[in-house]
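**Student:** using only what follows, build the 3D model:
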Amino acid sequence: MGFGKALLLLTLFFFKVFNPLVAHDVLWVQNPYCDLGGGLREDSLSWSIAGPDGTPNVASLLSWKSIRSAEVSLDGGCALFNRWPVHIMASYGWIYSGKMVDEDFFGEDKSDLFLKSRAKASRGKVFNLSFDAGRTFCLKRGIQFTPLAGYRLSGQNLKQFHGFTEVNLIDPDDVGPIEGLNSGYNARWYGPFVGFKADIPLFGGFLGFGFDYHYPRYSARGKANLRTDILGDYIHRSQGFGKEFFARYQAAFRELCLFELKLKWGKFWTKRGDETETVETADQGRVPVKVDLNRVEWKSKSVSAHLIKKF
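**Tutor:** So this is what the prediction gives:
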């Protein structure tokens, strides 16, 4: 099911089943709460490396595209002294659809393509863990504004299998299915963030939105199971940045209970970093190799529905 259809069905369900009662007395900053959510998510992640001594500047480019997952989440929080909200969140998603493209180049700026393959990527998982705290300010007309700061760990465990070589200028006869492909790439983004959220009374409920800016470190391990010259995993390390936006609508359907419809969009990227690996050579044996990791880019979007219980 696509994101458009999922959003339409959730919206119709929301307005048909749940009565948007006045929710001022159950807004989450006033009571401890527990939030159980579920929805659909779509990610993409790509990275490229340079060749030895930086030439060519893009020697290899790997891209995971349309990585779709079914995601569940569990949130909890409370307000200290009624104005200092603290919040923890965990989410986990099972990947059910996706594809991966691997391209290698002889020339600068992704020119002179000599090898290209694609593979399925409909396995793996995605997850997030975060903690944040802030200060809520009550403004006119019931508007609440909360600047906040926190820490977050995000991960993508991506797979590639059932591969197919489309272009091979080194050996033009070696195209077609790739036998035995079972590789993976495990990415981690972890670090602090700052941001804000706001809630505005609307139609008897609350319209909320928020923005976070992240300063994560990036670490990843990849396994190319058909590369016999690479011993063990190759490792990526860099410093990253990220931004994430959400919009939501909350409405009460019984005392101390809320229903929430939520949309999220995020983009994360890195500065130039390093790829390190150990290779086996015929004349020198095991040799450590380091090349430039040009950039990693991760995008994510999701739509979800939540049931929130106040205490």
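**Student:** neighbours of Pro201, how many?
**Tutor:** Counted by other C-beta atoms under 10 Å, the residues lying close to Pro201 total 16. Heads up, the C-betas are built off the backbone N, CA and C, glycines and all.
**Student:** so where does Asp274 fall, helix or strand?
**Tutor:** Using DSSP states H and E, Asp274 falls within strand 273-281.
**Student:** let me know how buried Arg286 is, in neighbour terms.
**Tutor:** Number of residues near Arg286 (other C-beta under 10 Å) recorded here: 9.
**Student:** listing partners with orientation, what would you give for the helix or strand containing it?
**Tutor:** Per DSSP H and E: Arg286 is located in strand 285-310. Note on strand 285-310: by DSSP bridges, its sheet partners are strand 33-49 (antiparallel), strand 257-270 (antiparallel), strand 273-281 (antiparallel).
**Student:** CA atoms of the last one as PDB?
**Tutor:** Output in PDB follows, covering the C-alpha atoms of strand 273-281 (Å, rounded to 0.1, in the frame of the first residue of the first chain):
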ATOM      1  CA  GLY A 273      34.800  10.600   6.000                       C
ATOM      2  CA  ASP A 274      36.800   7.400   5.700                       C
ATOM      3  CA  GLU A 275      36.300   3.800   4.500                       C
ATOM      4  CA  THR A 276      38.700   1.300   6.000                       C
ATOM      5  CA  GLU A 277      39.100  -2.300   5.200                       C
ATOM      6  CA  THR A 278      41.700  -5.100   5.000                       C
ATOM      7  CA  VAL A 279      42.400  -6.700   1.600                       C
ATOM      8  CA  GLU A 280      44.400  -9.700   0.600                       C
ATOM      9  CA  THR A 281      47.100  -9.200  -2.000                       C
END
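**Student:** contacts for it?
**Tutor:** Contacting residues not belonging to strand 273-281 are listed as 49, 218, 228-239, 286-293, 296 [C-beta atoms under 8 Å, 6 or more residues apart in numbering].
**Student:** nothing else from me, thank you.
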